[in-house]
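1. Please find the sequence and the predicted model below.
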Amino acid sequence: MCVLCGEALTAPHWTDAHAAGGATRALDARMRALAPVLAHAGLSARAWGPRVVVLADRRGRQEVLRDLGELWPAAERLLGRPLDPLDPALILALEARAAA
Amino acid sequence: MSAGRLPLWVVTGALGSGKTTLIARALAGAGPGLAVVVNELGDVALDHELLQRTDEVTVPVGGGCACCARREDLVAALLGLLRERDLRGVVVETSGVADPGPILFTLATHPVLVHQFRLAGVACAVDAVAGRAALAAPAAARQLAAADRVLVTKGDLADPGPLRTAVAARNPAAEVVTADALLREGEPAVVAGAAPAAHGDVPEATSVRLDGPVDWAVFSVWLSMLLHAHGARVLRVKGLLDVGGPGPVSINAVGHVVHPPAHLDAWPGERTSRLVVIARGLDPDALRASLAAFRAGLTAR
């Protein structure tokens, strides 16, 4: 899916091109990496089967996603704003996590 | 990843920058079976067996941002060329003002072409006579940012030195080469950390070297998030990542369209992960701090 206009594309998302150790292990690694970033914004995600991810906000609203290309637009819909990796508060939170 | 697919080179550059001359020279030494697709017939006649001329037809896809557009003329030309029995590869010469983004989007997303062609490289011809002024136009900035290789033309008529410096500041991921290397295959070495800073309203290149192995899950979370939040400002992301295999994973995004990362057999040069982000209005220090924080805070220990 296009990250800007949301156009559905048939090709696998680029983040799925490298799956060291197989799809399940790659999904586990991705969920581990995502969790603190999503938690910082008040979201959570859980794997549902080997490929599908369910994203939820604190009010219980959920979105079912197939890849990272779908995740960020869905997070933006739930939050009403995009998640920004350059957000100083997020950077500080990740630095604090590294120091802990 | 690339086995069996035909190489496709894209040659960009302003009108009169010498693209057609470069292509003619490169084809002369390349043997039969290479086709050429051109959008405009310039002053230099290209006498070639497999020459196709198309009129640029760019169709916005869906709600459409600028680079999510399909080049229908290119789709038709490439599908037609697949009927050629001995086709070994294709060179696409863009018009002088063309944004290479839709060409690369088309290659990356068309359900047939994505399995038949692989992007072997984007070359940008830059005219040493026109000099730095030629790099200021928005179209030139997009073409230069998309390039893997930059060919400084007419170097015999003007000193190419200042232009080379300007090119390195705008796209440190590109290799400055001679015409003989136009159709070279393989990864150019990505230079990181050597680029002088760009100033003013020009895209700024941020070069980063990454120590140690890179956790793919963390990197893909970071880059996909960055492109979602700031994709409209990003002209190019190029890099080689050490994810633990014998060779690197090659990352290549033009605009926010990311090509399928390729696993290379060996490192071109030193085994060090490096990344170049070319963008308008993104603070290089914030980019570096963000990537460092993601790696430190999220990498599994």
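-> Sure, I can see it. Numbers count the residues shown, from 1 in each chain, chains lettered A, B, ... in the order given.
2. Helices of the stretch 51-200 of chain B, residue ranges please.
-> Per DSSP state H, counting those that start in this stretch, the stretch 51-200 of chain B carries helices over the ranges B:72-81, B:100-109, B:113-116, B:138-146, B:161-170.
3. and those helices as JSON lines, adding distance to chain A, mean neighbour count and mean pLDDT?
-> Bear in mind the C-beta positions are built from the backbone N, C-alpha and C, glycine included. Output for the helices of the stretch 51-200 of chain B, formatted as JSON lines (distance: least, CB to the nearest CB, whole Å; neighbours: other CB atoms under 10 Å in any protein chain shown; pLDDT from 0 to 100):
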{"stretch": "helix B:72-81", "distance to chain A": "15", "mean neighbour count": "18", "mean pLDDT": "87"}
{"stretch": "helix B:100-109", "distance to chain A": "5", "mean neighbour count": "24", "mean pLDDT": "84"}
{"stretch": "helix B:113-116", "distance to chain A": "6", "mean neighbour count": "16", "mean pLDDT": "90"}
{"stretch": "helix B:138-146", "distance to chain A": "16", "mean neighbour count": "23", "mean pLDDT": "86"}
{"stretch": "helix B:161-170", "distance to chain A": "21", "mean neighbour count": "18", "mean pLDDT": "80"}
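4. Tally up the residues packed near the nearest residue to residue A:93 once chain neighbours are set aside, please.
-> Using CB to CB, 6 or more residues apart in numbering or on different chains and skipping residues adjacent in sequence, the residue nearest residue A:93 is residue A:40, 5.2 Å away. Using other CB atoms under 10 Å in any protein chain shown, residue A:40 is surrounded by 16 other residues.
5. Pull out the buried residues from the lengthiest helix in chain A.
-> Assignment by DSSP state H gives helix A:23-40 as the longest helix of chain A. By neighbour count on 16 or more other CB atoms under 10 Å in any protein chain shown, the buried set for helix A:23-40 is A:26, A:27, A:29, A:30, A:32, A:33, A:34, A:37, A:38, A:40.
6. Helix or strand with the lowest mean pLDDT in chain B?
-> Sorting the helices and strands of chain B by mean pLDDT, DSSP states H and E puts strand B:58-60 at the bottom, at a mean of 60.
7. And residue A:59, how close does it get to chain B?
-> According to CB to the nearest CB, to the nearest Å, residue A:59 stands 22 Å off from chain B.
8. Next: residue A:42.
-> Here the criterion is CB to the nearest CB. By it, residue A:42 lies 16 Å from chain B.
9. Backbone dihedrals for that residue, please?
-> Per-residue torsions, residue A:42: phi 80, psi 20 (degrees, to the nearest 10).
10. got the contact list for it?
-> Applying CB atoms under 8 Å, 6 or more residues apart in numbering or on different chains to residue A:42 gives the contacts A:57, A:58, A:79.
11. In this structure the last one contacts residue A:55, no?
-> No: under the criterion of CB atoms under 8 Å, residue A:79 makes no contact with residue A:55, lying 10.5 Å away.
12. Those two: who's more crowded?
-> Neighbours were counted for residue A:79 and for residue A:55 using other CB under 10 Å; residue A:55 has more, 22 against 13.
13. And the more buried one, what's its pLDDT?
-> Residue A:55 is assigned 96 on the pLDDT scale.
14. And the one 4 residues further on, by the same measure?
-> The pLDDT attached to residue A:59 in the predicted structure is 94.
15. just residue B:95 next, same as before
-> pLDDT recorded at residue B:95 is 77.
16. Quick check, it in contact with residue B:39.
-> Yes: when contacts are counted by CB under 8 Å, residue B:95 is listed as touching residue B:39 (4.2 Å).
17. Can you give me the domain assignment for chain B?
-> Chain B breaks down into these domains under automatic domain parsing: B:6-181, B:204-298.
18. List the contacts of residue A:72.
-> Neighbour list for residue A:72: A:3, A:82, A:83, B:224, B:225, B:228, B:229 [criterion: CB under 8 Å, 6+ apart].
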